[in-house]
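Peer 1: just a sequence and a predicted model for now, questions to come.
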Amino acid sequence: MLESLATGTEPELVELDRAGCLRLLATAEIGRVVFSHHAMPAAHPVAYVLDGEEIVFRTGGGSTLAAAARNAVVGFQTDRIDPGTRTGWSVLAVGESYEVTEPRRLAALRERLPEPWAPGRTGHTLSIPAQHLTGRRIG
């Protein structure tokens, strides 16, 4: 916003295409898995990696997130916002999550997946294919 005030221009809100959304998803490390828990909305932050067009993260064996996210339609949201300049972006993916169990893929992902911030949260590797993807950028 400070920059736009100096130049006399207003920030523009832009809808992102699929390719733009995927590019931004690949740059972030933390996002929120949005799911239904006891018929109520819930959101949990996770450290993730983008694998092709799938969001992949690890979670603990008995966690609510692991139970709710396996074979369920879930949302995944991440963003980067700068309140000082009033610029940033947000991406939302929706897809049917599943547990990654194929040994070769798990071995390849092990090298790339960030450590969960909560210790011991590596019992399950879950993936959300970005079946529906939307995003917006302002600035």
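Peer 2: Arrived safely, thanks for sending.
Peer 1: so where does Val74 fall, helix or strand?
Peer 2: strand 73-82 (DSSP states H and E).
Peer 1: cool, and Gly95?
Peer 2: strand 87-96.
Peer 1: could I get the buried residue list for the one helix or strand Arg104 maps to?
Peer 2: Using DSSP H and E, the element containing Arg104 is helix 103-112. Neighbour counts over helix 103-112 (16 or more other CB atoms under 10 Å) mark Leu109 as buried. (Glycine included, C-beta is placed from N, CA and C.)
Peer 1: contacts for it?
Peer 2: For helix 103-112, contacts defined as CB atoms under 8 Å, 6 or more residues apart in numbering pick out 49, 51, 56, 100, 125.
Peer 1: in strands, which of these fall?
Peer 2: Taking DSSP state E as the definition of strands, the contacts of helix 103-112 contribute 49, 51, 56, 125.
Peer 1: reformat those as CSV; add pLDDT and distance to Gly20.
Peer 2: As requested, the ones in strands among the contacts of helix 103-112 are arranged in CSV below (pLDDT from 0 to 100; distance: CB to CB, whole Å):
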residue, pLDDT, distance to Gly20
Val49, 97, 19
Asp51, 97, 18
Val56, 96, 20
Thr125, 92, 27
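Peer 1: ok, so of the contacts of helix 103-112, who is nearest Thr9?
Peer 2: Using CB to CB, Val49 comes nearest to Thr9 of the contacts of helix 103-112, at 36.1 Å.
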